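Trainee: have a look at this prediction, sequence included:
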Amino acid sequence: MARLAFNTQGGISPRPRELREEPEIKRELRSAAGTAEEVTNSRPMELMARAGFAVSGLLHFLVGSIAIRLAMGGQGQADVSGAVQELASQPAGPILLWSSFAACVALAIWQASDAIFDYSNLPQPEKLKRKLKAAGQAVVFAAFAVTLASFAIGSGKDNSQSTSDFTVALMKAPGGVALLIVIGAAVAVTGIVYGIRGIRKSFEKHLRLPAPGTQRTAVSVLGVVGYVAKGFALLLVGLLIVVATVQAHPEESTGLDGGLKALRDQPFGLYLLAAVGIGLIAYGVFQMARAKLARM
């Protein structure tokens with residue numbers, strides 16, 4: 001029924017059409033946004049997104065295992081592409097790669113949905129912080145998905161070489177050196193944040209923890225060790241980018257694999273590398289537990 005308004009003669013008259021009806025384009029956008037939010041928050045999507053945490057856990061577990069292998073004198077590439085290559089080499093490699101790809105895509109979509117639709121009831125600073133964090137996580141899991149898909153279709157390549165090539169190209173661009181230093185510093189700071197998050201156990205507020213007991217203690221310990229180890233690894237990567245840029249040796253900016261191998265060559269490096277490997281394995285197991293315990 002049309003809304004009515006009093007006219008100047010004391011009678012009533014319909015409101016102008018533009019006041020009575022929302023523009024068609026706005027209604028369609030609102031409807032599309034509502035449908036998208038409903039789909040991304042559905043139970044099937046939640047289950048797939050939770051599987052994405054498990055895939056992240058598996059990849060970190062494999063990276064940690066490769067790091068320990070390097071500390072013991074073995075070979076391997078201790079980064080995500082190396083971990084995906086390990087998956088691809090298994091008898092059920094294609095199935096593992098495509099199912100992991102689907103799970104990471106689902107989690108990337110879930111996090112993107114959080115960044116777009118959620119946290120509207122929070123104060124502005126906290127809302128912005130949560131949205132940026134969700135957007136960052138969406139980018140991370142989208143990158144995992146791209147790496148998994150590239151190996152599934154047979155075009156996967158060494159991430160350390162890709163990082164070095166990217167650094168070379170960026171250093172040649174106007175303002176590229178400054179941007180690389182900012183990127184390296186940002187990665188290093190992210191590593192510090194991860195370490196602090198582990199020490200303070202702030203990750204626990206995002207989980208539905210088991211009742212006090214052995215399981216709860218195990219999840220907490222895995223989280224602390226894992227976050228500190230991942231933080232240390234990210235700090236290494238960030239410092240490596242900054243040092244390679246400042247010294248104008250972009251070929252030395254080789255990502256996580258290069259950072260861990262550089263660590264191996266330092267005094268007591270073998271022990272430090274093994275410790276980081278154990279920590280990354282702990283983080284991997286923690287992420288697998290997070291698949292079940294995360295507050296979605």
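Mentor: Nice, I can see it.

Trainee: where's stretch 77-97 relative to the chain centroid, distance-wise?
Mentor: 19 Å (Cα atoms, centre = their mean, to the nearest Å).

Trainee: just checking, what's the longest helix in this protein?
Mentor: helix 214-246 (DSSP state H).

Trainee: downstream of it, the next helix or strand is which one?
Mentor: helix 255-264 (DSSP states H and E).

Trainee: ok, back up a step: who does the longest helix of the chain touch, helix- and strand-wise?
Mentor: helix 43-71, helix 159-172, helix 176-200, helix 255-264, helix 269-293 (3 or more Cβ pairs under 8 Å, 6 or more residues apart in numbering; DSSP states H and E). Every C-beta, even on glycine, is put in place using the N, C-alpha and C of the backbone.

Trainee: dump the shortest one to PDB, restricted to CA.
Mentor: The C-alpha atoms that make up helix 255-264 are tabulated as PDB, following Å, rounded to 0.1, in the frame of the first residue of the first chain:
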ATOM      1  CA  GLY A 255      61.300 -16.500   0.500                       C
ATOM      2  CA  LEU A 256      60.800 -19.000   3.300                       C
ATOM      3  CA  ASP A 257      63.000 -21.700   1.800                       C
ATOM      4  CA  GLY A 258      65.900 -19.300   1.400                       C
ATOM      5  CA  GLY A 259      65.400 -17.900   4.900                       C
ATOM      6  CA  LEU A 260      65.500 -21.400   6.500                       C
ATOM      7  CA  LYS A 261      68.500 -22.500   4.400                       C
ATOM      8  CA  ALA A 262      70.300 -19.200   5.400                       C
ATOM      9  CA  LEU A 263      69.600 -20.100   9.000                       C
ATOM     10  CA  ARG A 264      71.100 -23.500   8.600                       C
END
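
Trainee: now for it, which elements pack on it?
Mentor: Packing contacts for helix 255-264, counted by 3+ Cβ pairs under 8 Å, 6+ apart, involve helix 43-71, helix 159-172, helix 214-246, helix 269-293.

Trainee: worst average pLDDT in the ones you listed?
Mentor: Here the lowest mean pLDDT among the helices and strands packed on helix 255-264 goes to helix 159-172, at a mean of 67.

Trainee: do you know which of the helices and strands packed on helix 214-246 lies nearest residue 137?
Mentor: helix 43-71 (9.8 Å; Cβ to Cβ).

Trainee: what angle separates the next helix or strand along the chain from that closest one from helix 43-71?
Mentor: Following helix 43-71 in sequence order, the next helix or strand is helix 80-88 (DSSP H and E). Relative orientation of helix 80-88 versus helix 43-71 (axes from the mean of the first three to the mean of the last three Cα atoms, to 10 degrees): 100 degrees.

Trainee: dump the helices and strands packed on helix 214-246 into CSV; add distance to residue 118 and mean neighbour count as well.
Mentor: Shown next, in CSV, are those (distance: least, Cβ to Cβ, whole Å; neighbours: other Cβ atoms under 10 Å):
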stretch, distance to residue 118, mean neighbour count
helix 43-71, 13, 21
helix 159-172, 31, 17
helix 176-200, 20, 16
helix 255-264, 30, 23
helix 269-293, 18, 21
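
Trainee: many thanks, have a good one.
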